[in-house]
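Visitor: Quick check, what structure comes out for this input:
(chains A and B)
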Amino acid sequence: MEMKDELIDHTDKELVELIKNKKKSEATIRYLYKRYFQYTANFICANNGMQEDAEDIFQEVLVAFIDLIRKEKFRGEATVKTYLYAMTRNLWLNELKKRGRSLLRETVYSNDLEMTNPDFSYAIATREAKEQVYAIMDLLGQTCKKILILFYYDQLPMKEIIEKVNYENEQVLRNKKHKCMKQLSELVNKDENTKLIFKNLLRHGN
Amino acid sequence: MEINPEGENANLFDSYLNRELSDKELLEFKKKLESDIEFAYKLEKYTTTQVVLENYALREEIRSTLTSMKLEKQHDSVDYTIIPLRIPRRRNWMRIAASVALLFVTFTAYQYFSITNNKLYDEEFKPYKLATERSETNASNSIETAYLNNNYYSTIKSFEQSTNHATKEYFLAGNAYLEEKKIDKAIQCFEYILSHPEGKQQFYEDAEFYLALALLEKNEPQKALAILEKINLDKNHLYHEKVNNWFLLKVKIVQLKHS
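Guide: Down below sits the predicted model:
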């Protein structure tokens, strides 16, 4: 029996198309991890980071990278590998700065992987907003979270959502969705500081 | 019906953000944005909220996929776990660790030797439950009637005596054949649904799952695994939650034993 995981190779163009297809998200994330994680982790581990740091940073890089592609912001001027590496490096240097490491000076720079005018501010902005996003979403109930994600992220029609959340009919579900969205909106826009962080997300995301 | 004052704006904002407004509607929308500060502010709030939601959902999806991969990796490496036999220090801690590892190995070995295709099939197969609520209480024909009465023999008889079946009838007959242990016939019914594009509207995903079970019962785990892996990867699939990683692992064990 063949238990070994066979990794089909995709071109960058194919990969970008796969990322845009939300229905294939899990398989694509698995592919990105298998193909590129070790490469980026080597950089972090060679520069004062631990395996856990590498995993954490890679997760952030994927969020930013996938989001950039889905918002048609990825210009394809560099290969996916170069782009992910550069994002990792940028995020990790920023993290080291925050940790106040003098070791930052020892960080390895590789000029051959420099890119022209990359915009990594989005990745950094999302990293800073991460905790805020989780804190706010945790205040919503499980059902609300599920309905909103199925509708706005997975973009499923109401007919399919109703099968997953056990509501009597579409109108009741629609009302629930509006209430949930209103609740989330109130949480997001509650105070100016929180709003500012999310506006930053919005500015980079659109 | 409950009246929701927020609903109207939300629907309009959704249409605007999804670029679904007609040219005329878009023009009116933009005019309103320019003239009505309150409306513009509401749209800004709504958009910010959506960005937060999308960001959270994407993070969760990535986090959960990477966590599953990590767990699978740990599980795959269990064969290489070395149980220490001579331990000079931290004896108690190591003993506990060794016991846990031994338990795990025993459990894995038990799973390996005890799982069979038939056992797995028996655990997972439950005949499809036809909805009988409200207006659906009346079955439309003898096949449905027999099926609703759990009379699988009659279901098959009615199915075989009639022609020009609807997708639903193929699906119910497939289930009845499974109940009556006529696996090849069941497979034919499910494969029929999957080979007809119109079937995608109804019972398509159900047929995929039940076909996988039928193949498992027929001791063709490799074919079953291909379908189950597809279901497992598709988080929108009706049976995605049912076909979890643990279930897949058991099928893989069956396949390993079979090969």
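Visitor: so what are the domain limits for chain B?
Guide: B:5-67, B:81-114, B:117-258 (automatic domain parsing).
Visitor: Report the residue ranges of every domain in chain A.
Guide: As given by automatic domain parsing, the domain ranges for chain A are A:1-119, A:123-206.
Visitor: tell me the most buried of the domains of chain B?
Guide: Highest mean neighbour count of the domains of chain B: domain B:117-258, a mean of 17 (counted as mean count of other C-beta atoms under 10 Å in any protein chain shown). For the C-beta atoms, the positions are set from N, CA and C on the backbone; glycine is no exception.
Visitor: Which of the domains of chain B sits closest to chain A?
Guide: Chain A lies closest, by C-beta to the nearest C-beta, to one member of those: domain B:5-67, at 3.6 Å.
Visitor: Quick one: distance of the closest one to the chain centre.
Guide: Centroid separation for domain B:5-67 versus its chain: 30 Å, with C-alpha atoms, centre = their mean, to the nearest Å.
Visitor: Quick check: the gap between the spatially most central residue of chain A and residue A:14.
Guide: The centre of chain A sits closest to residue A:63, judged by C-alpha atoms, centre = their mean, with a distance of 1.2 Å. Residue A:63 sits 21 Å away from residue A:14, going by C-beta to C-beta, to the nearest Å.
Visitor: hang on, the earlier thing: helix, strand or coil for the residue nearest to the centre of chain A?
Guide: helix (DSSP: H, G, I helix; E, B strand; the rest coil).
Visitor: Help me confirm that it comes into contact with residue B:57.
Guide: No - in terms of C-beta atoms under 8 Å, residue A:63 does not count as a neighbour of residue B:57; the distance is 10.5 Å.
Visitor: Least confident of the domains of chain B, on average?
Guide: Among the domains of chain B, domain B:81-114 carries the lowest mean pLDDT, at a mean of 69.
Visitor: Walking through the chain, point out its helices one by one.
Guide: Picking chain A for this. Taking DSSP state H, the helices of chain A run over residues A:12-20, A:25-46, A:51-70, A:80-99, A:121-139, A:142-148, A:158-165, A:170-188, A:192-205.
Visitor: hm, I was asking about chain B
Guide: B:5-17, B:23-35, B:37-76, B:91-114, B:117-124, B:142-148, B:152-161, B:167-179, B:183-195, B:204-217, B:221-233, B:245-258.
Visitor: Out of those helices, which is closest to residue A:132?
Guide: Comparison of the helices of chain B against residue A:132 by C-beta to C-beta identifies helix B:37-76 as nearest, at 8.5 Å.
Visitor: Are there helices or strands packed against the closest one, and which ones?
Guide: Using 3 or more C-beta pairs under 8 Å, 6 or more residues apart in numbering or on different chains; DSSP states H and E, the elements in contact with helix B:37-76 are helix A:25-46, helix A:51-70, helix A:121-139, helix A:170-188, helix A:192-205, helix B:5-17, helix B:23-35, helix B:245-258.
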